[in-house]
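Colleague: Pasting a predicted model and its sequence here:
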Amino acid sequence: MRITPIEIRQKTFEAKAFRGIDKDEVQAFLTTLSQEWDKLLEENRQQKIALERAESQVSKMREVETGLYQTLKTAQDTSQNITQQAQQEADKLRGKTEQEATQARIAAQQEAEKLRTTAKQEADKLLADARAAAKKLVDDAQRESDRLSGSMQTRYADLEREHKQLQSSFDKLLADLRAAAATDSLPRTINYEQLYAIVLAEMKQPARLLEHLGQRILDRVLGQFAHIAGAEVSVSKFNPPLGGICHRARVTLRRGRRE
């Protein structure tokens with residue numbers, strides 16, 4: 001343990017018989033004191049060594065600082081000498097350079113003016129050519145637009161005419177419903193909603209012949225309504241392309257269940 005000066009001053013020893021002092025206790029205290037003293041001496045020695053090292057480092061740093069200062073001073077002197085020499089050379093060349101610079105500036109201005117004039121002439125020519133080319137493109141585009149517009153209008157008229165010519169109508173469907181009339185039974189008649197859906201679906205499908213369209217409708221109707229004995233279908237086409245005046249052409253197909 002570490003002993004402080006106050007502990008040394010305040011240290012007391014137990015008294016033994018005959019008013020004496022315990023020698024073992026005194027010896028132990030002296031041993032501890034000597035150990036602490038050795039530690040203090042060792043710490044002092046270490047601190048002294050550290051101080052000597054620090055002083056050595058400081059000395060080296062001072063030497064480096066002195067060397068750097070001398071180097072900086074030399075560099076400053078050299079820089080000043082170079083600057084003075086450069087200034088003198090610049091003063092010598094300034095007079096000659098100013099005259100040459102004036103001549104060069106005049107020559108450059110003349111050349112720039114010449115180039116400006118030439119560039120303006122070329123730009124005016126390019127602009128005129130571009131305007132002419134643009135006008136030609138606009139005119140060509142307008143003519144092409146007019147041509148395409150006329151062609152589209154003609155094609156639209158042709159398509160509209162063909163559409164009117166190809167329009168077909170489902171005129172009538174006749175079926176044998178005598179059993180439904182006699183029994184008043186819904187299952188024995190025709191579901192008109194289903195019939196309409198069949199005809200509408202077939203009319204939306206393209207067909208070149210009225211006969212083919214009528215045949216498809218008959219096939220669907222007879223297949224859908226198994227209780228009817230037969231059916232008759234009439235299909236018309238408005239304004240058929242016959243080369244003459246014809247309001248519509250009609251085809252009527254009739255077929256029984258056994259046919």
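Modeller: Perfect, thanks for sending it.
Colleague: hey, C-alpha coordinates of stretch 122-138 in CSV?
Modeller: The C-alpha trace of stretch 122-138 is given here as CSV (Å, rounded to 0.1, in the frame of the first residue of the first chain):
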residue,chain,number,x,y,z
GLU,A,122,-22.7,32.6,-96.4
ALA,A,123,-25.4,32.8,-93.7
ASP,A,124,-27.7,34.9,-95.8
LYS,A,125,-27.3,32.4,-98.7
LEU,A,126,-27.9,29.4,-96.4
LEU,A,127,-30.9,31.1,-94.9
ALA,A,128,-32.3,31.9,-98.4
ASP,A,129,-31.7,28.2,-99.5
ALA,A,130,-33.3,26.9,-96.3
ARG,A,131,-36.4,29.1,-96.7
ALA,A,132,-36.7,28.0,-100.3
ALA,A,133,-36.3,24.3,-99.3
ALA,A,134,-38.8,24.7,-96.5
LYS,A,135,-41.3,26.4,-98.8
LYS,A,136,-40.9,23.5,-101.3
LEU,A,137,-41.4,20.9,-98.5
VAL,A,138,-44.5,22.8,-97.3
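Colleague: what about that stretch, average pLDDT?
Modeller: Here stretch 122-138 scores 85 as its mean pLDDT.
Colleague: what does stretch 210-221 give?
Modeller: Stretch 210-221 comes out at a mean pLDDT of 90.
Colleague: can you pull the buried residues of that stretch?
Modeller: For stretch 210-221, a neighbour-count test (16 or more other C-beta atoms under 10 Å) marks 210, 213-218, 220-221 as buried. Quick note: C-beta positions are derived from backbone N, CA and C, even for glycine.
Colleague: what's the answer for stretch 197-208, then?
Modeller: 198-199, 202-203, 207.
Colleague: Likewise for stretch 244-253?
Modeller: 251, 253.
Colleague: With stretch 63-75 instead?
Modeller: Within stretch 63-75, no residue counts as buried by 16+ other C-beta under 10 Å.
Colleague: for this protein, which spans come out with low pLDDT?
Modeller: Applying pLDDT under 70 to the chain picks out residues 1-21, 149, 151-153, 155-177, 258-259.
Colleague: what's stretch 193-211 in contact with?
Modeller: 168, 170, 173, 213, 216-217, 220-221, 224-225, 235-237, 249-251, 253 (C-beta atoms under 8 Å, 6 or more residues apart in numbering).
Colleague: 6 Å instead, please
Modeller: Contacts with stretch 193-211, where a contact means C-beta atoms under 6 Å, 6 or more residues apart in numbering, come from 170, 213, 216-217, 220, 235, 237, 251.
Colleague: CA atoms only: put it into CSV for me.
Modeller: Coordinates of the C-alpha atoms in stretch 193-211 are reproduced here as CSV (Å, rounded to 0.1, in the frame of the first residue of the first chain):
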residue,chain,number,x,y,z
GLU,A,193,-84.9,-14.1,-76.7
GLN,A,194,-82.7,-17.0,-77.6
LEU,A,195,-84.0,-16.8,-81.2
TYR,A,196,-83.0,-13.1,-81.4
ALA,A,197,-79.6,-13.9,-80.0
ILE,A,198,-79.0,-16.6,-82.6
VAL,A,199,-80.0,-14.4,-85.5
LEU,A,200,-78.0,-11.4,-84.2
ALA,A,201,-74.9,-13.5,-83.8
GLU,A,202,-75.1,-15.0,-87.3
MET,A,203,-75.9,-11.6,-88.8
LYS,A,204,-72.7,-10.2,-87.3
GLN,A,205,-70.6,-12.9,-89.0
PRO,A,206,-69.4,-12.0,-92.5
ALA,A,207,-71.0,-13.9,-95.4
ARG,A,208,-70.8,-13.4,-99.2
LEU,A,209,-74.0,-15.2,-100.1
LEU,A,210,-77.5,-14.7,-98.6
GLU,A,211,-78.0,-18.5,-99.1
